[in-house]
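next comes the sequence, and after it the predicted model I'd like to discuss.
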Amino acid sequence: MTQRASDPSGEQRTGPSGRPATIDAGAELDPVHPVELPDPPAARGLTSAEVAERIARGEVNDVPVRSSRSLTEIVRANVFTRFNLIIGVLWLIMLFVAPIQDSLFGFVIIANTGIGIVQEWRAKKTLDSLAVIGEAKPTVRRDGAAAEIHTSEIVLGDLVEMGPGDKVVVDGTVAEADGLEVDESLLTGEADPVIKRTGDPVMSGSFVVAGGGAFTATKVGREAYAAQLAEEASRFTLVRSELRTGISTILKYVTWMMVPTAIGLVISQLVVKDNNVKDSIARTVGGIVPMIPEGLVLLTSVAFAIGVVRLGRKQCLVQELPAIEGLARVDVVCLDKTGTLTEGGMDVTEVRALNGTDEPYLHRVLAAFGASEPRPNASLQAIIDACPAPEAGGWEVTGTLPFSSARKYSGAAFAEGGGTSSAWLLGAPDVLLAEDDPAMAEVGELNEQGLRVLLLARARGDLDAPDAAEGAEPGALVVLEQRLRPDAGQTLAYFGEQRVATKVISGDNAVSVGAVAAKLGMPGAEHALDARRMPTDPDEMATAMEENAVFGRVTPQQKREMVAALQSRGHTVAMTGDGVNDVLALKDADIGVSMGSGSEATRAVAQIVLLNNSFATLPSVVAEGRRVIGNITRVATLFLTKTVYSVLLAVLVVCFQVEYPFLPRHLTLLSTLTIGIPAFFLALAPNKERAHPHFVRRVMRYAVPSGVIAAAATFATYLIARHHYAGTGALDAETSAATLTLFLVSMWVLAIIARPYTWWRICLVAAMGLAFLIVLAVPWLQDFFALKLVGTRMPWAAVAIAVAASAVLEYAWRLVGRRFPV
């Protein structure tokens, strides 16, 4: 308990901020000499002149908030890549040895890189603007007045005020403590809150769970503890992304395949075959370039970036990009009732007196209780609104016990005047009362209606005693009505349709929580489980979590254990919350989602912040993640099919000792029409398919057979054409026939990937086919791309081979789907 300091006249003494001056509960009170108050200059904070001096000396908290990469980092990441280097060197070679149309692939890479930079820059601007909106603004005391400022404006020696849910933004020393309890678990791993007294150190990165006070900043900027951690791993450091990890794995294997194949191709074309050197170089480059899935990384980045921009328009701040992907993979969403299913505010509907307590007296107690807390929570604010403190003649507060989510109650002691004093507790009835107390029957009836009930009870002993609640005399039941979010029911229904399990985890009474969930139509709400009866064994707890949907009287540590229990069963867990009691669970969950109005600490550890405080935004985040994962899986199959058939064609050319059938211009045309343009549209299309694991396996199980079939059909056409054509221009005719087969087979791969068909997907596939026909029909395009079908027999043979290959391809896809399900 924290006691209030009074002077001998009986008047309450206050500090410069107008709040009652406090002394540590452990200090010994001298009845003769009044307690010494904090030094007035220190309590007033710095003066404007002192602030200006410190700014001039550079003693400012100037650590930049990094919600995204800088422009330089974006450009570097998009330009200086391994594949851009390979393609860049090949492009420079082609500019010297071949016509410009054989160098088109270089201009495509430049365009792709530019698109990637622009889209990621747009995402950065969106992230930065939203980060400013959601930025925590600590309250500092300067010139005796409290004011909110940006974190970056704190200077050394500033007096920073703090209350429940506030994050300690810089290192400091406690100057004022009013029942102050700080959670340092994010820094030390210690789960229990630490009681802080005047003179104790506080570290940036910790947060207040109960009480309040102020601290003097002793380390700012990069010297602060949290800033040192941020230097090692800034906020942009990505959470685990299966998509990015999978693509990196694929690119690693592609590189290993590409290097020996390319070396063999170079030797085959330049040494073994006695051809024109420039033509040999062009065909060698034509064989190497398509092995590189250069657009895959680009489209992944663009898909994420556009997702950030889309969600930003809905006031959703994505603090870590793969969080979009992560939420799409989630199969369990744990919800905190208050602030998620219900709105933050509440209304007092009834104050029900117990044991014949006088009602006007109860209202005075409640009014005094409300006035004792400088930072009331939602429940106490509703009481303050219903029982406002009188302008004059109010009771003097002689001690307080701040609310704690762990103990489930708060307390205050008053001097009522005329020498009368009293101490009161306000909190959970089932914590303050015995199970067989007559009042518990009334509490149960009210909870079944979904109402929140608090008990006001007179304490018999000291507030700071460990058994302060022991023997408390019930005074009244304070009945609160919670305001349901109008969109909560629809959001719960959405998750049900998507086969995502929802679990309501709340610190409130289990019956009351269940009644609220039932009003929203949540399955399993009628079987609410009291967490005090939950098994402590992790495996048994996991079973209880899977079998039940609503949990009440959950402590912050239990929330953390519940998340871990679900994860132990292979579930991907998202946790939503807005209070300081949700921080630990949010941090441990696979994806943490915070409300914008939540505590500073909650917003700091969450990967996604809903700035509009709307739970209904979550389906948009899930849908965006599913769009990214599902579509990238689709287009990755396109890109890797090209890689597989390019490598196999090169191997076949080396083995059969023949000229490589294509020039770079041919494969640039094919890649653009069957992969580049379609992939761009497919990657950004809506996709509601549920995300599946094993990205690499899902992609390669289709890309490998598709590439093998395409390579076999193309090389077969090429060998037949070599025997069919002879004389001058034979190689060009052979190339044209092989190009026709490869285009048709690639188009069938595109047609399969575009399923299920919609009108625009049909138009997309048809437009790509029409574009190729135009190239074949327009003379100057024939010359530009060196494509001219000679005769009728060989072109029709090429078409027949492509049709047969497409039939085999269709069968292979269906067989793979049955034999190798993911």
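Yep, it's here.

looking at the protein, which helix or strand is least sure?
Ranked by mean pLDDT, DSSP states H and E, the weakest helix or strand in the chain is strand 22-23, scoring a mean of 36.

low-confidence stretches in the stretch 201-350 of the chain?
For the stretch 201-350 of the chain, the stretches with pLDDT under 70 are 225-240, 270-276, 320-321, 344.

where along it do the helices fall?
According to DSSP state H, counting those that start in this stretch, the stretch 201-350 of the chain carries its helices in the segments 225-232, 242-267, 277-288, 294-312, 323-329.

in JSON lines, list these along with distance to Pro538 and mean neighbour count.
C-beta: built from backbone N, CA, C; applies to glycine. Putting these into JSON lines (distance: least, CB to CB, whole Å; neighbours: other CB atoms under 10 Å) gives the following:
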{"stretch": "helix 225-232", "distance to Pro538": "29", "mean neighbour count": "16"}
{"stretch": "helix 242-267", "distance to Pro538": "25", "mean neighbour count": "17"}
{"stretch": "helix 277-288", "distance to Pro538": "53", "mean neighbour count": "22"}
{"stretch": "helix 294-312", "distance to Pro538": "34", "mean neighbour count": "22"}
{"stretch": "helix 323-329", "distance to Pro538": "23", "mean neighbour count": "26"}
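
now tabulate those in CSV and tack on distance to Ile632.
Listed next are the helices of the stretch 201-350 of the chain as CSV, based on distance: least, CB to CB, whole Å:
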stretch, distance to Ile632
helix 225-232, 30
helix 242-267, 6
helix 277-288, 25
helix 294-312, 6
helix 323-329, 9
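
out of those helices, which is closest to Ile74?
Among these, the nearest to Ile74 by CB to CB is helix 294-312 (9.5 Å).

got the CA positions of the closest one in CSV?
Extracted C-alpha coordinates of helix 294-312, given in CSV (Å, rounded to 0.1, in the frame of the first residue of the first chain):
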residue,chain,number,x,y,z
GLU,A,294,14.6,-13.4,-61.5
GLY,A,295,11.0,-12.2,-61.3
LEU,A,296,10.1,-14.5,-58.4
VAL,A,297,11.8,-12.5,-55.7
LEU,A,298,10.5,-9.3,-57.2
LEU,A,299,6.9,-10.4,-57.2
THR,A,300,7.2,-11.7,-53.6
SER,A,301,8.4,-8.3,-52.5
VAL,A,302,5.8,-6.4,-54.5
ALA,A,303,3.0,-8.7,-53.2
PHE,A,304,4.1,-8.0,-49.6
ALA,A,305,4.5,-4.3,-50.3
ILE,A,306,1.1,-3.9,-51.9
GLY,A,307,-0.4,-5.8,-49.0
VAL,A,308,1.1,-3.3,-46.6
VAL,A,309,-0.4,-0.4,-48.6
ARG,A,310,-3.8,-2.0,-48.8
LEU,A,311,-3.9,-2.7,-45.1
GLY,A,312,-2.6,0.8,-44.4
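
can you check which helix is longest in the protein?
In the chain, assigned by DSSP state H, the helix with the most residues is helix 618-656.

now do that helix, average pLDDT.
The average pLDDT within helix 618-656 is 86.

got the angle for that helix vs helix 242-267?
Interaxial angle of helix 618-656 relative to helix 242-267 (axes from the mean of the first three to the mean of the last three CA atoms, to 10 degrees): 20 degrees.

excluding chain neighbours, what is closest to Ala802?
For Ala802, ignoring the flanking residues on the chain, the nearest one in space by CB to CB, 6 or more residues apart in numbering is Leu744 at 3.5 Å.

buried residues of the helix or strand harbouring that neighbour, list them for me.
Taking DSSP states H and E as the criterion, the element that holds Leu744 is helix 730-753. Buried residues in helix 730-753, counted by 16 or more other CB atoms under 10 Å: 731, 733-753.

same deal with stretch 47-55?
Using 16+ other CB under 10 Å as the test for burial, stretch 47-55 gives 50-51, 54.

just the ones of those residues in helices?
50-51, 54.

redo these as JSON lines? Include distance to Ala224 and pLDDT.
Formatted as JSON lines, these follow (distance: CB to CB, whole Å; pLDDT from 0 to 100):
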{"residue": "Glu50", "distance to Ala224": "20", "pLDDT": "91"}
{"residue": "Val51", "distance to Ala224": "18", "pLDDT": "92"}
{"residue": "Arg54", "distance to Ala224": "15", "pLDDT": "90"}
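
may I see the residues you listed organised as TSV, with distance to Ala721 added?
Below are those laid out as TSV (distance: CB to CB, whole Å):
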residue	distance to Ala721
Glu50	86
Val51	82
Arg54	80
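
show me where the stretch 51-200 of the chain has helices.
Per DSSP H, counting those that start in this stretch, the stretch 51-200 of the chain carries helices over the ranges 71-79, 82-97, 104-133, 185-188.
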